[in-house]
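> just to be clear, the model below is a prediction. Sequence and coordinates:
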Amino acid sequence: MVKQLIKNGLLVDGNGGEPKKDHVVVSEDKRIVYVGPENGYATTGDEVVVDAAGGTILPGLIDTHVHMMMEYAPLSERLTTPFSFMYYKAAEYLKNTLHAGVTSVRDALGTDLGVKKAVEDGLITGPRLQLSINALTITGGHGDGYQVAGNTVDLLPSDYPGMPSGKCDGVEEVRKKTREMLRAGAEVIKVHATGGVLSATDHPKFTQFSLEELKVIVEEGRFRKGVKVMAHAQGAEGIKNAVKAGIHSIEHGIFIDDEAIELMLENGTYLVPTLLAPVAVLESAKDVGMPDSAVEKSKEVIEQHKASFTKAYKAGVKIAMGTDAGVMKHGTNLRELGLMVDAGMTPMDSIVASTKTAAECLGWEEKVGTLEQGKLADIVVVKGNPIEDIYSLANNDNIQVVIKNGKVEKNLL
């Protein structure tokens, strides 16, 4: 039985209230047993003391949109890399993500059930995973690797055990494909409701899947296991179709309009903005061989993306932090908080979006997202006060301690 006492730091518990001084967090094995004033806890002498050294104590952060099995690489590299090598690289990506202070993630396609089991069984180090397995997409849509030259080059190898193809057209194919994802272990269903930046043969404004098809996806998830649906949705029409169909979260939301915002407010739909994604495309285009089409589309959408986020935030749409990590390097996730603040969010709200609201989006609010008695001991200690300097979180050297399930995974103190 391991008991830990974290002290000597400013406490930001994830609920959005004022930071608290002279508070401690005590965990026993995997769970938090006390959060409160230091003078309200009677030490037994059995505690391992973690001195926050005047920094800030936070809940483990949550990224609700990642791709743990990939980092975008030049085509020549992808074509000459053996299949199994991606699993060894993924172990590095998972470790980098955890060491950045992100203790839970929702994988938005590409990670199979074996990777989740490897993390849970302790074979590799990484954040807690919620899997979508693969994303549903239409022929010729975002996620179809068909190229103008007539060949097909997917971002990840397809058709291997545990990773069904996501391509489907028409209500009955969509129904069957959703069932295949659930059979493969999907804990959330991912659908591409619009085109995207990285796909060669479409545009973010293009609408994919009919309202009827989207409703079938939601229905199958609900009937089988109560599984929710996340939708890559960038164009206004596709966003509105997704919300009307009962989809739980809108990913990216680049061209949100007033009607879409009203629908999201009425339905309690989450927005996962991924502001970092187009920024990363432009930053890394030359080094990783991003297609010219992706670069041009990123330039086209980047300011609109920011404006849509600002409008949705001011209107009160529920926002959960997500990055699209894999488009950019894993472990750079917390840059997203600074981008959200640049677009008008308060620093405290950006932390809530990355903890409490993100946990609610994943349906995990009973076990993670805030520092409260009874919840899992996912705790991060950072240098300084991120409320005063939210950009400091982007520097992984400032992430001093990372605890997941009560186990210290990183300690720089």
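Done, it's in.

> can you show me the strands along the stretch 1-150 of the chain?
3-11, 20-28, 31-37, 48-51, 56-59, 61-66, 102-107, 128-131, 135-136 (DSSP state E, counting those that start in this stretch).

> pick the most buried one from those.
Neighbour counts (mean count of other CB atoms under 10 Å) averaged over each of these peak at strand 61-66, with a mean of 31. For glycine as for every other residue, the C-beta is placed from the backbone atoms N, C-alpha and C.

> follow-up on the earlier one: could the strands of the stretch 1-150 of the chain go into JSON lines alongside distance to residue 215?
Compiled in JSON lines, the strands of the stretch 1-150 of the chain are given as follows (distance: least, CB to CB, whole Å):
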{"stretch": "strand 3-11", "distance to residue 215": "44"}
{"stretch": "strand 20-28", "distance to residue 215": "43"}
{"stretch": "strand 31-37", "distance to residue 215": "39"}
{"stretch": "strand 48-51", "distance to residue 215": "49"}
{"stretch": "strand 56-59", "distance to residue 215": "35"}
{"stretch": "strand 61-66", "distance to residue 215": "23"}
{"stretch": "strand 102-107", "distance to residue 215": "22"}
{"stretch": "strand 128-131", "distance to residue 215": "23"}
{"stretch": "strand 135-136", "distance to residue 215": "13"}
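
> adding distance to residue 282 and mean pLDDT, write the ones you listed out as JSON lines.
Output for the strands of the stretch 1-150 of the chain, formatted as JSON lines (distance: least, CB to CB, whole Å; pLDDT from 0 to 100):
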{"stretch": "strand 3-11", "distance to residue 282": "35", "mean pLDDT": "97"}
{"stretch": "strand 20-28", "distance to residue 282": "39", "mean pLDDT": "97"}
{"stretch": "strand 31-37", "distance to residue 282": "41", "mean pLDDT": "98"}
{"stretch": "strand 48-51", "distance to residue 282": "39", "mean pLDDT": "96"}
{"stretch": "strand 56-59", "distance to residue 282": "30", "mean pLDDT": "98"}
{"stretch": "strand 61-66", "distance to residue 282": "19", "mean pLDDT": "98"}
{"stretch": "strand 102-107", "distance to residue 282": "23", "mean pLDDT": "98"}
{"stretch": "strand 128-131", "distance to residue 282": "29", "mean pLDDT": "98"}
{"stretch": "strand 135-136", "distance to residue 282": "23", "mean pLDDT": "96"}
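
> with respect to residue 298, which of those strands lies nearest?
Evaluated over the strands of the stretch 1-150 of the chain, closeness to residue 298 peaks at strand 61-66, with 16.7 Å, by CB to CB.

> before we move on, the earlier item: closest to residue 344 out of the strands of the stretch 1-150 of the chain?
For residue 344, the closest of these is strand 61-66, at 19.9 Å, according to CB to CB.

> and the closest one, how far out from the chain's middle?
Taking CA atoms, centre = their mean, to the nearest Å, one finds the center of strand 61-66 at 2 Å from the center of the full chain.

> okay, the angle between it and strand 102-107?
Calculated by axes from the mean of the first three to the mean of the last three CA atoms, to 10 degrees, strand 61-66 forms an angle of 20 degrees with strand 102-107.

> so residue 259 touches residue 240, yeah?
Yes - when contacts are counted by CB atoms under 8 Å, residue 259 is listed as touching residue 240 (6.3 Å).

> out of these two, which sits in the busier spot?
residue 240 (22 against 13; other CB atoms under 10 Å).

> which residues touch that one?
Shown here is residue 240, whose contacts under the criterion CB atoms under 8 Å, 6 or more residues apart in numbering are 259-260, 263.

> state the distance from it to residue 214.
11 Å (CB to CB, to the nearest Å).

> ok, now how distant is residue 347 from residue 23?
Relative to residue 23, residue 347 is positioned 19 Å away (CB to CB).

> right, I mislabeled it, should have said residue 397
25 Å.
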